[in-house]
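Make a model of this:
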Amino acid sequence: MIYKPDATPYRWLIIGTVTCALFAGLAYWVFFMQLAYHTPDGASVPIRWDYVKACLNPFDQAYCRQIKTALSQASERQFYQGTTTFAAFVAMAVGCLGYLIWDWGLRVRPLIVKAGLTVAGPKQLARASNKEIKRDTRGLHWFGDFTISRSREVNHFLIFGAIGGGKTQTILPLLRSVMERGDKVVVFDFKGDYTRMAFSRPKGAKEPQDPLLLAPHDDRSVIWDIANDLIVEEDAIEVANRIIPETKDRFFSDSSRTVLALCIITLMKTKPQRWTWWELMETTQLPLEQLQTFARQYHRDAMIYLNADYRQVSATISTMAAGLGAVRMLAYGWREGAEGRTKFSLRHWLLNENTKDRTLVLQRSGRFQDQSEGWISAFLTVMSSNVSDISFGDSEERRVWLFVDEFAQLPKVHRFEAMLETGRSKGLAVVLGIQGVEQLVAKYSQQAADQIESLIGTKVIAKINVGQTARRLEEQFGNTIMITHRRDTDGGGRLKWIREEKREPVVHRTDFQTELGPLLHRKGVYVLVSGIGKHIYRVLVPYSKSTDMRAAERPATWTTQLREIFHDASELARQEDITAQEEMRFGEREPARSVESEDHIRRR
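Numbering: from 1, shown residues only. You can find the predicted model right below:
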């Protein structure tokens, strides 16, 4: 790393020179012009400048002793105090002035930065953030003396860090400040760490409350009231596209997504704002004829897939059934005990500024990874749509935070770049934690990864292993052009200063692994902060001591014992009837036999 050279405090040197000179003059005026001096017999003696100068001159001490002998004992002591005080202030003034002249024009500097960035420390970071706050408004405190401005909050944050590199420790203090201020916040919990410490503090409340937990595998979960979050048909299509994963053959994934969208639109038409995940699962299991009827009435795009050859229809239905793991998880998880659970509508929560529920935790299940990725991706897609909607108007006061640690572990979130861009004016602040840029490229694309990175104003880099991300960050920070001076001998053996101009990366790719992380200091994590002021800042983020307020997970009943799929005889009879109809339809139909022409038979 190329560290910022220590700046000479010229202002303080000038102030010190002037101050010491003034105090020297004041001391001379008080001691030698205001106070009286007497001889041993009591006669008054005026003190002249020659007397003071003689006592300050080390080569004129004989004359100084004569002066002191002519004074009384009290006057001699007073004269000694005056000359000493005056000499001290004169010496300090001359010293400050001499250092100022030497540093300004005579000193040969070992390093001069000609162009490019340099690495500064925590004092410079606090100074740069305070300049922003003076132009804007004070925002959240993050760590140490670092406080971000109000406008920087909505410029989003990107935290890089390898496994064990201190990424989560860097995010925790910012998340705690957000919750303590009472802002709305959605937290993606990848490992259960945030579920333990998250809390909700409504504005004006003294004691924190439990956050809302959205996790069908957890017994404490609220129910996602998706019926109130989907408004138009396009919302249903987007959710279906997120739930059904893409297959190698795009035809079958596209067709199954269209049929699932048909089922959602049917419920939106027949049971507006009242349908549940269980009813959605039941709708996907309806007989083909009924689905065809719904397609003609509500979503004619699905007719081309439902009226196709029976093999294609069968493949479409089976692909949809295979991809409905997330729907089944939500249907079974939120069916039992639904009467005693709270329903959560994301749209209503975003629009209600006075809600007491300020924190929502989206918890991923390690046991049911594929299903969790499906519904969390659908949830964030719905959030993106609602944030981009005109009903969620611009606001300078509103703050809705989205914390996504391990962002690359989520499936692709549709229109995420648009949410970052349009959400800024609406008070949306996003904090993303990733291990490396290559994860974004693999999940999205190189162009989308570049766009996401360009939309984020503040980057914090914890420990990163040498690789593509370290190389990319080294290129982004660029090279620093610097002038160095070193002493060497010429041909005659005489020492001389040699001036050299170099171009080096401000942060070498190996520095991200060797100079950052939690293993360099017992009290915290060293990180780099960029995007503020004129420098990159290497600072220490103290370890966060979070109190565990609850267990990371309380398993739901359906995750601990084998469930009964059909609870009563009527449901079982209904499913058997559907199965019989499907077997009859597909069993009676046979593939159409190709009829060859007579000419072709003769030629063969």
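
Please count neighbours and contacts with C-alpha atoms only from this point.
Fine.

Look at the closest residue to Arg550 other than its chain neighbours and give its secondary structure.
Of all residues not flanking Arg550 in the chain, Arg196 sits nearest, at 5.1 Å (CA to CA, 6 or more residues apart in numbering). Here Arg196 takes the helix state, with states given by DSSP: H, G, I helix; E, B strand; the rest coil.

check contacts around Arg196.
Contacts of Arg196 were listed using CA atoms under 8 Å, 6 or more residues apart in numbering, and they are Thr547, Asp548, Met549, Arg550, Ala551, Ala552.

quick check, the second one in a helix?
So the one you mean is Asp548. No. Judged by three-state DSSP, Asp548 forms no part of a helix; its state is coil.

List the buried residues of stretch 325-344.
Neighbour counts over stretch 325-344 (16 or more other CA atoms under 10 Å) mark Gly325, Ala326, Val327, Arg328, Met329, Leu330, Ala331, Tyr332, Gly333, Trp334, Arg335, Phe344 as buried.

likewise stretch 530-541?
So stretch 530-541, judged by 16+ other CA under 10 Å, has buried residues Ser530, Ile532, His535, Ile536, Tyr537, Arg538, Val539, Leu540, Val541.

Which single one of these is nearest to Leu175?
Val541 (13.8 Å; CA to CA).

what pairs with whichever strand or helix holds the closest one, and is each one parallel or antiparallel?
Assigned by DSSP states H and E, Val541 belongs to strand 536-542. Applying DSSP bridges to the sheet, strand 536-542 is found paired with strand 119-120 (parallel), strand 524-530 (antiparallel).

Tell me which of the ones you listed sits nearest to Ser318.
strand 524-530 (49.5 Å).

pLDDT on that closest one, on average?
Averaged across strand 524-530, pLDDT comes to 94.

ditto for stretch 154-163
On average, stretch 154-163 scores 92.

what sits up against it?
Under CA under 8 Å, 6+ apart, the answer for stretch 154-163 is 167, 170-171, 420, 424-425, 427-436, 453, 455-465.

how about a cut-off of 6 Å?
Stretch 154-163 is contacted from outside by 167, 424, 428-435, 456-464, using CA atoms under 6 Å, 6 or more residues apart in numbering.

Go through those and flag which are in strands.
In strands, defined here by DSSP state E, the members of the contacts of stretch 154-163 are Leu428, Ala429, Val430, Val431, Leu432, Gly433, Ile434, Thr458, Lys459, Val460, Ile461.

Which of these has the largest number of neighbours?
Counting neighbours by other CA atoms under 10 Å, the top entry in those is Ile461, with 28 neighbours.

What spatial separation is found between Glu475 and Thr469?
10 Å (CA to CA, to the nearest Å).

More neighbours: those two, which one.
It is Thr469, of Glu475 and Thr469, that has more neighbours when counted by other CA under 10 Å, with 19 against 15.

So the more buried one: helix, strand or coil?
Relying on three-state DSSP, one would call Thr469 helix.

Do you know the pLDDT at it?
With respect to pLDDT, Thr469 has a value of 89.

Pro110 now?
Note on Pro110: pLDDT of 70.

now swap in Arg593 and tell me
So Arg593 comes in at 40 (pLDDT).

Now do the top helix by length along the chain: which elements does it pack against?
Counting by DSSP state H, the longest helix found in the chain is helix 73-101. When contacts are defined as 3 or more CA pairs under 6 Å, 6 or more residues apart in numbering; DSSP states H and E, helix 73-101 sits against helix 10-29.

Kindly recompute the last result at 10 Å.
Here helix 73-101 touches helix 10-29, helix 49-56, helix 61-69, going by 3 or more CA pairs under 10 Å, 6 or more residues apart in numbering; DSSP states H and E.

of the ones you listed, which approaches Lys134 most closely?
Of those, nearest to Lys134 by CA to CA is helix 10-29, at 21.6 Å.

which residues of the stretch 401-550 of the chain score low on pLDDT?
Along the stretch 401-550 of the chain, the model assigns pLDDT under 70 to residues 490-493.

How about the stretch 101-250 of the chain?
In the stretch 101-250 of the chain, residues with pLDDT under 70: 108.

ok so, going back, find residues that contact each of Glu475 and Thr469.
Between them, Glu475 and Thr469 share these contacting residues under CA atoms under 10 Å, 6 or more residues apart in numbering: Arg509.

Please parse this structure into its domains.
For the chain, automatic domain parsing gives the domain ranges 10-107, 110-219+345-490+497-558, 223-341.

Read off the pLDDT value for Phe566.
Reading off the confidence values, Phe566 has pLDDT 58.

Residue numbering should commence at 29 henceforth.
Done: numbering now begins at 29, and the last item shifts to Phe594.

From the centre of the chain outward, give me the first residue you hit.
Nearest residue to the geometric centre of the chain (CA atoms, centre = their mean): Val459, 2.9 Å.

who does that one bridge with?
Phe185, Phe431.

I figured it hits Leu200, correct?
No. With contact defined as CA atoms under 10 Å, Val459 does not count as touching Leu200 (11.0 Å).

Run the chain-centre distance for stretch 417-437.
Its chain's C-alpha centre and that of stretch 417-437 lie 12 Å apart, by CA atoms, centre = their mean, to the nearest Å.

show me what contacts Leu358?
Neighbours of Leu358 in contact, by CA under 10 Å, 6+ apart: 243-245, 251-252, 304-306, 309, 352, 399-400, 403.
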